[in-house]
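**Q** I need the structure of the sequence given here:
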Amino acid sequence: MGANSKEKKLTSDILIIDDEADICLLVEGLLNDEGLKTRTASNAEKALAEVTARRPSLIILDIWLQGSNMDGLQLLDRFVRDYPEVPVIMISGHGNIETAVGAIKRGAYDFIEKPCELKRLNLLVEGAARSARAQRRLDNQTQEQNNKYSIRMLVGKSKAIGLLREMVKQVAQVPFSSMIITGETGTGKGLITNILHYSGTRAKGPLIEINCAALPRELLESELFGYEAGAFTGAKKRHRGLFEQAHTGTLFLDEIGEIDLELQGKLLKAVEELRIRRLGGEHEIDVDVQIIAATNKDLQHEVSLGKFRQDLYHRLNVINIHIPSLRERLDDLPELVLLFIAENNAKSSKNI
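**A** The predicted structure follows:
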């Protein structure tokens, strides 16, 4: 096998689940010859007992698994639900390709047909090891961000920060489609966004940020929605926009009040339908994002002046969080000063 030592270590405990003893022996023999440790189970009950006793690094599972109280697909659903970090490779017989593809959609890593070919099996095991390692790395990064951007970052004992802390805590616990965060420049709108994302239901998804005031209208549109090759001069290859990049996560639109009215109309359609079309594209693309918009402007006043679309405002303003200025929370200054000193000491390796 071309697996390096790290990949072998990651797949050193493989559980093979198949009601056919000869298939178990075949797969077990192929993997043992490559220096990998394996276990076998002939039915769902034994498989669940094995996983409960010791979580495997990889599962190879027969699709049908006859003679059990659960077939392979039902068992797959159980593994995906209870052990999402463990990759599952399905074993399918000839003529079961459609079912095997369906298993991938339900969460399986991939599938292999009977009789198992050594080369194909090796490639799948190596790929599953890399996938598991990447997922662990992502989970670790997410956990680091969770620790960095927690509700504890909202320090202070003033009434204003207490109310803000309670609201952020409540909002983070429920899924939402969109929200607006308001507050003066420097009050921490970006910090609140990070806390909401990494403490919320989409913490494992990406957090994509853009400052809408930093880009001209045409460039902002192409960044948000992406473009196809040849869509305009200089568009040499396809570019996925920020809506696509934020799929399953959060899109943070800072300084939302700076977007011009024409682009606001296109943004409204994307927010309403969760569907976008790249510049120069022929097809619409579904996206699954929650949107956090931030501004230091009074958007209701902007609406009354005709500078911000009322329909976009109401679509975004499902939840509204206002961040108090420092002058509204002077009682928090002593704690904030200590926090800033500690952060500066950590960055500069000093002890002030």
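**Q** give me the most central residue, the chain.
**A** When C-alpha atoms, centre = their mean is applied to the chain, the residue found nearest the centroid is Gly205 (1.4 Å).
**Q** which ones are touching the spatially closest residue to it that is not a sequence neighbour?
**A** Setting aside the residues directly before and after it, Gly205 is nearest to Gly249 in space (C-beta to C-beta, 6 or more residues apart in numbering), at 2.9 Å. For the C-beta atoms, the positions are set from N, CA and C on the backbone; glycine is no exception. The contact partners of Gly249, by C-beta atoms under 8 Å, 6 or more residues apart in numbering, come to His197, Arg202, Gly205, Pro206, Leu207, Ile208, Val289, Gln290.
**Q** and the second one, how far from Thr193?
**A** Arg202 sits 12 Å away from Thr193, going by C-beta to C-beta, to the nearest Å.
**Q** more neighbours: which of those two?
**A** Per other C-beta atoms under 10 Å, whichever of Arg202 and Thr193 has more neighbours is Thr193, with 23 against 19.
**Q** quick one, domains of the chain?
**A** Annotated domains of the chain cover 5-142, 153-348 [automatic domain parsing].
**Q** just give me the lowest mean pLDDT stretch among those domains.
**A** Least confident of the domains of the chain, judged by mean pLDDT, is domain 5-142 with a mean of 87.
**Q** now for Arg202 and Thr193: what residues contact both?
**A** Common neighbours of Arg202 and Thr193 (C-beta under 8 Å, 6+ apart) are Thr250.
**Q** all strands for this protein, in order.
**A** Assigned by DSSP state E, the chain shows strands spanning 14-17, 38-41, 58-62, 88-92, 110-113, 178-182, 207-211, 226-227, 239-240, 250-254, 275-276, 285-286, 290-295, 320-322.
**Q** just put these in TSV and tack on mean neighbour count and distance to Leu333.
**A** Formatted as TSV, those follow (neighbours: other C-beta atoms under 10 Å; distance: least, C-beta to C-beta, whole Å):
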stretch	mean neighbour count	distance to Leu333
strand 14-17	25	57
strand 38-41	20	60
strand 58-62	26	54
strand 88-92	25	54
strand 110-113	18	57
strand 178-182	21	22
strand 207-211	17	28
strand 226-227	22	44
strand 239-240	16	44
strand 250-254	24	26
strand 275-276	17	44
strand 285-286	14	47
strand 290-295	25	24
strand 320-322	15	20
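**Q** format those as JSON lines; extra columns: distance to Leu121.
**A** Output for those, formatted as JSON lines (distance: least, C-beta to C-beta, whole Å):
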{"stretch": "strand 14-17", "distance to Leu121": "11"}
{"stretch": "strand 38-41", "distance to Leu121": "12"}
{"stretch": "strand 58-62", "distance to Leu121": "8"}
{"stretch": "strand 88-92", "distance to Leu121": "8"}
{"stretch": "strand 110-113", "distance to Leu121": "6"}
{"stretch": "strand 178-182", "distance to Leu121": "46"}
{"stretch": "strand 207-211", "distance to Leu121": "38"}
{"stretch": "strand 226-227", "distance to Leu121": "38"}
{"stretch": "strand 239-240", "distance to Leu121": "33"}
{"stretch": "strand 250-254", "distance to Leu121": "39"}
{"stretch": "strand 275-276", "distance to Leu121": "40"}
{"stretch": "strand 285-286", "distance to Leu121": "35"}
{"stretch": "strand 290-295", "distance to Leu121": "40"}
{"stretch": "strand 320-322", "distance to Leu121": "52"}
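**Q** burial of the closest residue to Ser42 other than its chain neighbours, as a residue count?
**A** Distances taken as C-beta to C-beta, 6+ apart put Asp19 closest to Ser42, at 5.5 Å, once the chain neighbours are dropped. By the criterion of other C-beta under 10 Å, Asp19 has 17 neighbours.
**Q** please apply the same query to Glu255.
**A** So Glu255, with other C-beta under 10 Å, has 18 neighbours.
**Q** kindly report the same for Arg152.
**A** Around Arg152 there are 9 other residues, counting by other C-beta under 10 Å.
**Q** got a list of what Lys297 touches?
**A** Lys297 sits in contact with Gly257, where contact means C-beta under 8 Å, 6+ apart.
**Q** please report phi then psi for it.
**A** Main-chain dihedrals, Lys297, degrees, to the nearest 10: phi -100, psi 160.
**Q** so how far is His239 from it?
**A** For Lys297 relative to His239 (C-beta to C-beta), the value is 29 Å.
**Q** how about Gly280?
**A** Gly280 sits 10 Å away from His239, going by C-beta to C-beta.
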